[in-house]
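Colleague: I would like to see how this sequence folds:
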Amino acid sequence: MKAATVKQLKDELEMRSPVELMQLTLRLSKFKKENKELLTYLLFEAADEEEYIKEIKVEVDEAFSEINTSRGYFIKKGIRKILKRLKTYIRYSGKKETEAELLIYFCKKMKTFSPSVFKNRVLANTYERQLTMALNAIDKLHEDLQYDYRILIEELD
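Modeller: Numbers count the residues shown, from 1 in each chain. Okay, here's the model as predicted:
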């Protein structure tokens, strides 16, 4: 089965009744956890982006505290897992402000993590990549916000 294009889907959805749309949406949410999480974000959390960011920061804090520090392998695995989850949350939001703030927070947590992630080349590269991605997201923001976020990045150095 070949997937339809976004335009085709949009045209078809415009012809459906609200009841049919609700049924399709609920059916879609049953297939993948990500679909349900995105729908939850759109319905309940998109209206209050600040609270959404706070919840994610709390989750990141908990995840960093649970990382097994007995071996470098486990540290890398734990940090990659946190980053993957963080990227999913950023994708749900789709806002550059959220992306910048969460990536800066992630870098801040990595920098203060013990044992130091800078002793490991892979983790140091991960840190640098995320910092670069945060800077790229900041470049797409309004000038006032750019200034505020650049101050936060300078605090990391």
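Colleague: Contacts only, for Asp139.
Modeller: The contact partners of Asp139, by CB atoms under 8 Å, 6 or more residues apart in numbering, come to Gln146. The way it works is simple: take the backbone N, C-alpha and C, and place the C-beta from them, glycine included.
Colleague: switch to 10 Å and redo it
Modeller: Listed by CB atoms under 10 Å, 6 or more residues apart in numbering, the contact set of Asp139 reads 96, 100, 146, 149-150.
Colleague: Now which of these would you call buried?
Modeller: Taking 16 or more other CB atoms under 10 Å as the criterion, what is buried in the contacts of Asp139 is 96, 100, 149-150.
Colleague: Just give me the neighbour total for Asn125.
Modeller: Number of residues near Asn125 (other CB atoms under 10 Å) recorded here: 11.
Colleague: Now name the helix or strand holding it.
Modeller: Using DSSP states H and E, Asn125 sits in helix 121-139.
Colleague: What's the first helix or strand after that helix?
Modeller: Following helix 121-139 toward the C-terminus (DSSP H and E): helix 143-156.
Colleague: State the mean pLDDT of that following helix.
Modeller: Across helix 143-156, the average pLDDT comes to 90.
Colleague: do the same with stretch 89-100
Modeller: 95.
Colleague: now swap in stretch 68-78 and tell me
Modeller: Rounded to a whole number, the mean pLDDT of stretch 68-78 is 94.
Colleague: contacts for that stretch?
Modeller: So stretch 68-78 is contacted by 63-64, 66-67, 113-115, 117, 119-120, 122-123, 126 (CB under 10 Å, 6+ apart).
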